[in-house]
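Undergrad: I'd like to go over a predicted model; first the sequence, then the structure.
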Amino acid sequence: MSFSDRMPIAGRLTLTLTDPEGRVVEERRVKNLITLKGRAFLARSFAGLGATNVDMSMVLGTSAVTPALTDLVDKAPGQEAVELDESRWALEAPIVEAPSVVENSGAVPEIVVRLTATFPGGAGSAEHTLREAGIVLLTGPNAAERTLFNRAVFEPITKTERLSLTVGWELVF
């Protein structure tokens, strides 16, 4: 029997576009990268040093730059200086469904946490061509501290006024 002292953490992103009748127009599945700040957040939480109150939101953006461990929520990927790019995160929505935890009974047991956010269609909903997604951890007074937990890039997907976009993220431990 072999033992491992590493616990890999992985994420799987599912993007589902639906029409007003609820029919699936397009669905994509993408792997993601958990940032160093996201990993540090988990480590601090495990050690009892993490934030006591954490909210989460899903962000969708326009950058197609390959994810890196050093990605931050408040700077565009590849930038050296911290510069807030207001246009990069085109959409943001709270993760409204409580995480559901599932134990996988495979050969190597996994714990899967599912998070979901919906970006509805409807009048006044602007059209966006999206290429990236992430989970932002909101901590501190008035949830003012924002930490990019993970990030994924994908082939462009167009969210129009007519279509709703549901983003589901499975975090696998």
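TA: Structure's in. What do you need? This one's a predicted model, so the numbers in the text were calculated from it and none came from an experiment. Numbering: from 1, shown residues only.

Undergrad: Going by C-alpha atoms from here, please, whenever you check contacts or count neighbours.
TA: Fine.

Undergrad: Check which helices and strands the worst-scoring helix or strand of the chain on mean pLDDT is in contact with.
TA: The weakest-scoring helix or strand in the chain, judged by mean pLDDT, DSSP states H and E, is strand 100-104 (a mean of 75). Judged by 3 or more CA pairs under 8 Å, 6 or more residues apart in numbering; DSSP states H and E, the packing partners of strand 100-104 are strand 110-119.

Undergrad: quick check: angle from the strand it packs on to strand 100-104?
TA: If you take axes from the mean of the first three to the mean of the last three CA atoms, to 10 degrees, strand 110-119 sits at 150 degrees to strand 100-104.

Undergrad: Show the subsequent helix or strand relative to strand 110-119.
TA: strand 128-139 (DSSP states H and E).

Undergrad: still on that earlier bit, run me through the strand neighbours of the least confident helix or strand of the chain, direction for each.
TA: When pairing is defined by DSSP bridges, strand 100-104 lines up against strand 110-119 (antiparallel).

Undergrad: Please list the outside residues in contact with the strand it pairs with.
TA: Under the contact criterion CA atoms under 8 Å, 6 or more residues apart in numbering, strand 110-119 has outside partners 57-58, 91, 93-104, 164-173.

Undergrad: What residues does the spatially closest residue to Ile9 that is not a sequence neighbour make contact with?
TA: Leaving aside its sequence neighbours, Ile9 sits nearest to Phe173 (CA to CA, 6 or more residues apart in numbering; 4.9 Å). Shown in contact with Phe173 (CA under 8 Å, 6+ apart): 7-10, 110-112.

Undergrad: switch the cut-off to 10 Å
TA: 7-11, 103, 109-113 (CA atoms under 10 Å, 6 or more residues apart in numbering).

Undergrad: hmm, which of those are the buried ones?
TA: If you count burial by 16 or more other CA atoms under 10 Å, the buried members of those come out as 11, 112-113.

Undergrad: Can you tell me which of those is nearest Val136?
TA: Closest to Val136 out of the buried ones among the contacts of Phe173 is Gly11 (14.0 Å), distances taken as CA to CA.

Undergrad: Quick check: Ser125 vs Ala93, distance?
TA: Applying CA to CA, to the nearest Å, the value for Ser125 to Ala93 is 13 Å.

Undergrad: should've said Thr116
TA: Counting by CA to CA, the gap from Thr116 to Ala93 is 10 Å.

Undergrad: what sits in contact with each of the two?
TA: If you check Thr116 and Ala93 against CA under 10 Å, 6+ apart, the residues they both contact are 57-58, 167.

Undergrad: In the sheet, which strands lie alongside the longest strand seen in the chain, parallel or antiparallel?
TA: The strand that spans the most residues within the chain, counting by DSSP state E, is strand 145-159. The pairing partners recorded for strand 145-159 under DSSP bridges are strand 33-34 (antiparallel), strand 128-139 (antiparallel).
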